[in-house]
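Asker: Sequence plus predicted model, see below.
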Amino acid sequence: MRSGVFLSNIRRVGKSTFLRNELVPELRQRGAIVIYVDLWADVNRAPLDLVLEAVRAQLRTLQGAGHGLLKRVKGASLGAAGLSFSFQLDTLGLPGGVTLAQAIHELVQKAETDVVLIVDEVQQAAGTAGTALMAALKAARDAVNGDPGARGHFLFIGTGSHRSLMNDMATKPSHPFKGAVTAPFEPLQQDYVAWKLDQLAADGVRLPSPEAAWRGFQALGHRPEELERALGQFQAAPQGSDAEFELICATLAYAAADIEFARAGEIGGELGELVFTRIADGPEEGTRELYGQAALADYGAALGLPVEVKQVQTTVDGLVAANLIARIGHGRFIISDPYVRSIWRQRKATTAALRAGRPVPAHGDGL
């Protein structure tokens, strides 16, 4: 944990909402000083600048007399006057000024508690523009956690939606946080759906049954915003039945997946669609056979012309950069969004059943 933690999952499954509304308050309640930064707040600014700005703002707040946070941190002798620092906050990160590592180390010593920095959409720091930030964070981690006399720890949590980039940040030797913990961010579950229904029930609006709402939420890829849309459209449904609600959810899910299918073609052309399809049709643990002779022959047969390995590599790189597919190991790829893959496979099963004159499989059957 003290080497850093990277949590990843697709966009719009509630990561930022969880961080701001649940994790940050809980950590603060336990006495930690928490600094939250969203690198998508201003994509035109350098990631390091956004973090330095957030750190300065937190330090200024802690300088304030009688700040409520000081009552919860472990340093009970801080008093009501707030914290004082041996450096000018305006010099933080500037040439000749205090470094991020020095500032965090002094903060830990003065507050006598842990400092947790949460960087949302941290994959924005995976490229050249973010090298300075990641190096500064590693220096801060080493300065605090490597000091046996430190009065707390520096904990870094990075979250993001680009699985390949997040994995690279914790595994590639060229990255400062090689060896950090990586884990999937678990999406919201049935208790969230129950909470949402209870919230709306108090307003007296029409609602599906809890069972139908949960099935719909699953069909929508566990996306809270999409559930809100489905529940809104349900208000105009003629009968207000569970079947109508599930149809609304399925329609929204297919529409969202269609956008991803179209992007694969826009980025990689027909070959991009073929590569995307090959991965979607592969095993859940990932597809390896993208460059072999059998794969090249299949691509060539579908396109009506020879396909070279270099062409496939270029296409794969484009799909990875667009976060349509993710590289999860050497030569092993998956579809980045599991529910897009699920819908693709549903469509394939439906098409096969219709062509063979069989009953169309229900959701999840034959996949």
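Answerer: Right, received. Where do you want to start? The structure presented is a predicted model; accordingly, all values stated were derived computationally and were not measured.
Asker: What separation is there between Asp203 and Met166?
Answerer: 38 Å (CB to CB, to the nearest Å). C-beta: built from backbone N, CA, C; applies to glycine.
Asker: Give me the more crowded residue out of these two.
Answerer: Neighbour totals were compared for Asp203 and Met166, and Met166 leads with 25 against 7 (other CB atoms under 10 Å).
Asker: pLDDT at that one, what is it?
Answerer: On pLDDT, Met166 comes in at 77.
Asker: Also the one 4 residues further on?
Answerer: pLDDT, Ala170: 76.
Asker: Just name whatever secondary elements the helix or strand hosting it is in contact with.
Answerer: Secondary structure from DSSP states H and E places Ala170 in helix 163-171. Packing partners of helix 163-171 (3 or more CB pairs under 8 Å, 6 or more residues apart in numbering; DSSP states H and E): strand 5-8, strand 154-160, strand 181-184, strand 325-329.
Asker: Need the winner for burial among those.
Answerer: Among the helices and strands packed on helix 163-171, strand 154-160 has the highest mean neighbour count (mean count of other CB atoms under 10 Å), at a mean of 24.
Asker: Can you give the strand pairings for that strand, parallel or anti for each?
Answerer: Here strand 154-160 has these sheet partners by DSSP bridges: strand 5-8 (parallel), strand 115-120 (parallel).
Asker: what's the angle between the helix holding Ala170 and strand 154-160?
Answerer: With axes from the mean of the first three to the mean of the last three CA atoms, to 10 degrees applied, the angle from helix 163-171 to strand 154-160 works out at 160 degrees.
Asker: between helix 163-171 and strand 325-329, how big is the angle?
Answerer: Using the same axes, to 10 degrees: helix 163-171 against strand 325-329 is 30 degrees.
Asker: in helix 163-171, what's buried?
Answerer: Arg163, Ser164, Leu165, Met166, Asn167, Asp168, Met169, Ala170 (16 or more other CB atoms under 10 Å).
Asker: for stretch 173-183, same thing?
Answerer: Applying a neighbour-count criterion of 16+ other CB under 10 Å, one finds His175, Pro176, Phe177, Ala180, Thr182 buried in stretch 173-183.
Asker: For my notes, please list the residues you listed in a markdown table and give distance to Val98 and pLDDT for each entry.
Answerer: Shown next, in a markdown table, are the buried residues of stretch 173-183 (distance: CB to CB, whole Å; pLDDT from 0 to 100):
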| residue | distance to Val98 | pLDDT |
| --- | --- | --- |
| His175 | 25 | 74 |
| Pro176 | 20 | 76 |
| Phe177 | 22 | 80 |
| Ala180 | 25 | 78 |
| Thr182 | 31 | 81 |
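Asker: Quick one: those as a markdown table, columns for distance to Leu274 too.
Answerer: Output for the buried residues of stretch 173-183, formatted as a markdown table (distance: CB to CB, whole Å):
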| residue | distance to Leu274 |
| --- | --- |
| His175 | 32 |
| Pro176 | 37 |
| Phe177 | 35 |
| Ala180 | 35 |
| Thr182 | 30 |
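Asker: Most widely separated two among those?
Answerer: Farthest-apart pair in the buried residues of stretch 173-183 is Pro176 and Thr182; separation 14.5 Å (CB to CB).
Asker: which stretches of the stretch 251-367 of the chain form helices?
Answerer: Using DSSP state H, counting those that start in this stretch, the helices of the stretch 251-367 of the chain run over 293-303, 309-321, 338-356.
Asker: and of the helices and strands packed on helix 163-171, who's closest to Pro148?
Answerer: Among the helices and strands packed on helix 163-171, strand 154-160 comes nearest to Pro148, with 14.2 Å by CB to CB.
Asker: Only alpha carbons, please: show that closest one as PDB.
Answerer: Output of strand 154-160 as PDB, limited to C-alpha atoms (Å, rounded to 0.1, in the frame of the first residue of the first chain):
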ATOM      1  CA  PHE A 154       2.500   9.500   2.700                       C
ATOM      2  CA  LEU A 155      -0.100   7.400   0.800                       C
ATOM      3  CA  PHE A 156      -0.700   7.800  -2.900                       C
ATOM      4  CA  ILE A 157      -3.900   6.500  -4.600                       C
ATOM      5  CA  GLY A 158      -4.200   6.900  -8.400                       C
ATOM      6  CA  THR A 159      -7.500   6.100 -10.200                       C
ATOM      7  CA  GLY A 160      -8.200   6.100 -13.900                       C
END
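Asker: what's the offset of that strand from the middle of its chain?
Answerer: 12 Å (CA atoms, centre = their mean, to the nearest Å).
Asker: Contacts for that strand next, please.
Answerer: Strand 154-160 is contacted from outside by 1-2, 4-8, 15-16, 19, 32, 104-105, 108, 114-124, 137, 140-141, 143-145, 166, 169, 177, 180, 185, using CB atoms under 8 Å, 6 or more residues apart in numbering.
Asker: Buried ones among the residues you listed?
Answerer: Neighbour-count burial (16+ other CB under 10 Å) applied to the contacts of strand 154-160 gives 4-8, 15-16, 19, 32, 104-105, 108, 114-124, 137, 140-141, 143-145, 166, 169, 177, 180, 185.
Asker: isn't Leu62 right next to Val115, touching?
Answerer: No. Contact between Leu62 and Val115 fails when scored by CB atoms under 8 Å: they sit 10.6 Å apart.
Asker: quick one: common contacting residues for those two?
Answerer: With CB under 8 Å, 6+ apart as the test, Leu62 and Val115 both reach Ile33, Leu107.
Asker: care to break the protein down by domain?
Answerer: 5-184, 189-367 (automatic domain parsing).
Asker: Can you tell me how far the closest residue to Tyr254 other than its chain neighbours is from Leu231?
Answerer: What sits nearest to Tyr254 in space, not counting adjacent residues and going by CB to CB, 6 or more residues apart in numbering, is Ile343, at 6.2 Å. Distance, Ile343 to Leu231, by CB to CB: 20 Å.
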